[in-house]
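S.K.: Just to be clear, the model below is a prediction. Sequence and coordinates:
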Amino acid sequence: MNEEELKRKLTPDEYHVLREKGTEMPFSGKLLHEKREGTYMCKVCGNELFPSNAKFDSGTGWPSFDQALPGAVNLTTDTAHGMNRTEVTCAKCNSHLGHIFDDGPTATGKRYCMNSVCLELKEKK
């Protein structure tokens, strides 16, 4: 799918975050308090990214996960906005998902801080 097709498929907010590396407002995402079981997938390509049992409430205002599915995401250095962070992108379509931090409260020590607009939940049947 090319960028023009993606602009038609996605809402302006989704496109801004997924393709232009934007960020949704904290505490605004529809998946922030989601508790259903299943798998979180990339809104652009459907790649399976995070199991629901990896999700936790970080208090930051964005859905947070302590681990991704093996091979599902890529991590790259992000020095935009004068910060040194690690960007998380979809391994299949390279769409921006959020950032990962080493301050998670679980055994992994990781906090994948994701934007709700980047994700869809495929509910477990």
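M.R.: Nice, thanks for sending it over.

S.K.: can you pull out the helices in this protein?
M.R.: 3-9, 12-20 (DSSP state H).

S.K.: Remind me what the last one packs against, helices and strands.
M.R.: With contacts defined as 3 or more C-beta pairs under 8 Å, 6 or more residues apart in numbering; DSSP states H and E, the packing partners of helix 12-20 are helix 3-9, strand 96-101. C-betas here are computed from N, CA, C, even on glycine.

S.K.: Contacts for the last one next, please.
M.R.: Around strand 96-101, the neighbours that count as contacts under C-beta atoms under 8 Å, 6 or more residues apart in numbering are 17-23, 42, 49, 62, 73, 75, 78, 85-90, 110-115, 118-119.

S.K.: Among those residues, which lie within strands?
M.R.: Residues of the contacts of strand 96-101 located in strands (DSSP state E): 42, 49, 73, 75, 78, 85-90, 111-114, 119.

S.K.: Could you tell me which of those count as buried?
M.R.: By neighbour count, with 16 or more other C-beta atoms under 10 Å, these hold 42, 49, 73, 78, 85, 87-90, 111-114, 119 as buried.

S.K.: Any idea which of those residues the model trusts least?
M.R.: Across these, the smallest pLDDT goes to residue 78, namely 91.

S.K.: Just to check, that one is in contact with residue 87?
M.R.: Yes. At 4.0 Å, residue 78 counts as touching residue 87 under the criterion of C-beta atoms under 8 Å.

S.K.: As CSV, could you dump the C-alpha coordinates of the worst-scoring helix or strand of the chain on mean pLDDT?
M.R.: Here the helix or strand of the chain ranked lowest by mean pLDDT, DSSP states H and E is helix 3-9, holding a mean of 93. This file holds the C-alpha atoms of helix 3-9, laid out as CSV (Å, rounded to 0.1, in the frame of the first residue of the first chain):
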residue,chain,number,x,y,z
GLU,A,3,1.2,6.6,1.1
GLU,A,4,-1.8,7.9,-0.8
GLU,A,5,-3.7,4.7,-0.1
LEU,A,6,-2.7,4.9,3.5
LYS,A,7,-4.0,8.4,3.8
ARG,A,8,-7.3,7.2,2.5
LYS,A,9,-7.4,4.2,4.8
